[in-house]
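Visitor: give me coordinates for this.
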Amino acid sequence: MTGTRPSTPAPAPTDSPDPWVADHIRRFEETGGVPRPGIRDLLLTTRGRRSGVLRRTALAYVRDGEAAGGGEAADGGAAYVLTASNAGAERHPAWYLNLTADPAVTLQVGVAAFPATARPATPAEAERLWPVVVAAMPSYAAYRDAAARAGGREVPLVLVTRTAEAAEAPVAG
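Guide: From the prediction side, this is the model:
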């Protein structure tokens, strides 16, 4: 025997308490990551900034490097771009607050889950990426305007990149 210990599995994340999001997560899992044909979705797991509990939500995404009219990112390692719109509410979504406190996250895209690092886009990156985001999900333009009207909130874009040493791992289901 070599003295290796079996790894302890990570605790299962707690899904969003929002019924629509929880249903979206369920559909994501049932469809192998394609709950809304024509829209690219992923699951984001963050660590609660106060509780330390793993929290999971479903989000639409685009890839950095995509043309505003659609199409794949030129770089296979391009960042995933998430929009912290909170449907135009005056407050940032909890997942955004969590990843600003701890940028180590897990993404699940399709059936592959992997560790990643998240950070808010710089102003220059956000200016460049907003047209790409709105081309993919036009509702984000209205959410951005609503957030500004509701409380003067700027809707952040978040860039999430796969952790360099991470290998793609299928999710058991």
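
Visitor: below-threshold pLDDT in the chain: ranges please.
Guide: Scanning the chain for pLDDT under 70 picks out 1-10, 66-76, 165-173.

Visitor: would you map the helices across it?
Guide: When assigned using DSSP state H, the helices of the chain occupy the ranges 19-30, 94-101, 123-136, 139-151.

Visitor: the ones you listed into a markdown table, with extra columns for mean neighbour count?
Guide: For the C-beta atoms, the positions are set from N, CA and C on the backbone; glycine is no exception. What follows is the helices of the chain, written out as a markdown table (neighbours: other Cβ atoms under 10 Å):
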| stretch | mean neighbour count |
| --- | --- |
| helix 19-30 | 15 |
| helix 94-101 | 20 |
| helix 123-136 | 16 |
| helix 139-151 | 15 |
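
Visitor: mind listing what the residue most central in space within the chain touches?
Guide: In the chain, the residue lying closest to the centroid (Cα atoms, centre = their mean) is Leu44, at 4.5 Å. Each residue near Leu44 by Cβ atoms under 8 Å, 6 or more residues apart in numbering is listed here: 56-59, 82, 95, 99, 105-107, 160.

Visitor: from Ala150, how far out is it?
Guide: Distance, Leu44 to Ala150, by Cβ to Cβ, to the nearest Å: 23 Å.
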